[in-house]
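Undergrad: fold the following, please.
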Amino acid sequence: MSYSVLGKTSMNENLYISGDNKRTCIGIDNIFQDWLRANKDSLPSDIQAKVDAGELTIVDKEQI
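TA: As a prediction, this is how the structure comes out:
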């Protein structure tokens, strides 16, 4: 599975969508965070750009 940036929510949070278009979430979603941790070395460029800009944080599993 992969994710990409979909847009913004009404509360101005980044919204992400799964590659199969079956799941949307915001950055703090546990399943999305698991995927981020597992793929942190090879994130899609749009997701990596959000991480680099400080708009998306990959949270350590111990902090959840």
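
Undergrad: using the three-state scheme, assign residue 15.
TA: Following DSSP: H, G, I helix; E, B strand; the rest coil, residue 15 is assigned to strand.

Undergrad: ok, it - contacts?
TA: By Cβ atoms under 8 Å, 6 or more residues apart in numbering, residue 15 lies in contact with 5, 6, 7, 8, 9, 24, 25, 26. Bear in mind the C-beta positions are built from the backbone N, C-alpha and C, glycine included.

Undergrad: hmm, 10 Å instead?
TA: 5, 6, 7, 8, 9, 24, 25, 26, 27 (Cβ atoms under 10 Å, 6 or more residues apart in numbering).

Undergrad: among those, name the buried ones.
TA: Among these, those classed as buried by 16 or more other Cβ atoms under 10 Å are 5, 25, 27.

Undergrad: turn the residues you listed into a markdown table, including pLDDT and secondary structure.
TA: Listed next are the buried ones among the contacts of residue 15 as a markdown table, based on pLDDT from 0 to 100; DSSP: H, G, I helix; E, B strand; the rest coil:
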| residue | pLDDT | secondary structure |
| --- | --- | --- |
| 5 | 98 | strand |
| 25 | 98 | strand |
| 27 | 97 | coil |
